[in-house]
Structures are given as structure tokens and as C-alpha cells.
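1. dropping the sequence and predicted coords here.
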Amino acid sequence: MERIAVYCGASEGNDDIYKDAAIKLADYLVDHKLDLVYGGGGVGLMGILAKEVLNKGGKVLGIMPHELVDRGAACDGLTVLKVVENMSVRKEKMLELSDGCIALPGGPGTLEEIIEAFSWARLGDNSNPCVFYNVDGYYDPLKQMFDDMTAKGFLTQEDNDKLFFSDSLDDIWMFMETYIPPKIREYVK
């Protein structure tokens, strides 16, 4: 693994634990010589994460739609900022350029991006592991939702096991290092 896509909020949240987690993840990436691929923002957890990676000497590749760049949302000083047509292209590019996906706490955009990455893995369009950095139990309700999907027959246990929730960066790294993509879904009529 060389590059990790991180999805996270353009807000900091209302508890310093989220900011601290973003800094901890940034330090972990740099310590393990992993480049950051992210949405390119300079605010919220996105900005905290990117600036910490840069301050520690790491590399940061931002992918941002031109409409957000035009609004001044881009982080200054990134190693590379790729400006793309729209959010769909951004998500596709982030997956293409990374070897794993991690979601820090965030809002609907964060959730949508990591869920799409997981969904694409089940279709065979994303070989990257998908992980929720479950800071202070933030993603516990979502984990329960995936367990409910499985119990009710909308998700196989095998595919559910391909999605990882943890507040331990060492456990996250171990999951990512040993990850085997899900079997591509086949449909029987």
C-alpha cells in the first residue's frame, strides 16, 4: 500500500476527539510512509488532516471539483491538487489513485463516498478495502445497520465481513494489509 483515500467532514464536529483523531490518522499515515488522497478541502477535518500530513513531511494529493475550487474550498500547499469536472469524477479518481479507503467521522458526503466505494467493491469496480475509523463509537449505528441488512437478507455475511469498523489504527492497518476483495456478484434469473 502506498496511498490511502480518506473521506472526512468539511466540518470539525463539536468535540475535540474528532480533531484529535484526524491528527492521529495523519501522523499514522506519515509514520507508515502512506500518501494521503482526499477531497482537497482546507476546512474542517479535511483541512486538519491534510495540513498535519504536510507539516509532518508527508505527501497529500487532493481531488476537487472545479466548482469547489472556485468557491475557495481548496487547501493551500498540497503536494498535488487535481481539479476535476464534478463530484462523480472526484470519487472515481480517488479510488483509482488509492490502495485503501478510510472514513473519519463526517456528514452525508463522507458517508456517501465510503458507501459508494464499498458498493463498487461488491460489483468488482473497487479492489480497495473500506474502513470506518470508528472514533468514540461514531459509526456504531451504521455498523448495526449493516448487521441488520445482513440479518434481513439484503447483504451476505461474507460481504459484510469485507467492511471494517474500528477505533484502532493498528487493527485498521492489519485489516487493510490482509484484505481480499469480495467475490464479484453474480445474478441468477
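-> Structure received.
2. which other helices and strands does the one helix or strand Gly62 maps to contact?
-> In this structure, Gly62 sits in strand 60-65 according to DSSP states H and E. Applying 3 or more C-beta pairs under 8 Å, 6 or more residues apart in numbering; DSSP states H and E, one finds that strand 60-65 contacts strand 35-38, helix 44-55, strand 80-84, helix 87-97. Using the backbone N, CA and C atoms, a C-beta is placed for each residue, glycine as well.
3. what sits up against that strand?
-> Contact with strand 60-65 is made by 3, 35-41, 50, 53-54, 73-75, 78-87, 89-90, 93-94, 97, as judged by C-beta atoms under 8 Å, 6 or more residues apart in numbering.
4. partners of it in the sheet?
-> Applying DSSP bridges, strand 60-65 is found paired with strand 35-38 (parallel), strand 80-84 (parallel).
5. which one of those lies closest to Glu158?
-> Each of those has some distance to Glu158 by C-beta to C-beta; the shortest is strand 35-38, at 27.5 Å.
6. need the contact partners of stretch 71-78.
-> By C-beta under 8 Å, 6+ apart, stretch 71-78 touches 10, 40-43, 46-47, 50-51, 54, 60-62, 64, 68, 81.
7. could I have that stretch exported to CSV, CA atoms only?
-> Output in CSV follows, covering the C-alpha atoms of stretch 71-78 (Å, rounded to 0.1, in the frame of the first residue of the first chain):
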residue,chain,number,x,y,z
ARG,A,71,-15.6,28.8,-4.1
GLY,A,72,-12.2,28.9,-2.3
ALA,A,73,-12.5,25.5,-0.6
ALA,A,74,-9.2,24.1,-1.7
CYS,A,75,-6.4,23.7,0.8
ASP,A,76,-3.2,25.7,0.1
GLY,A,77,0.2,24.0,-0.2
LEU,A,78,-0.9,20.5,-1.3
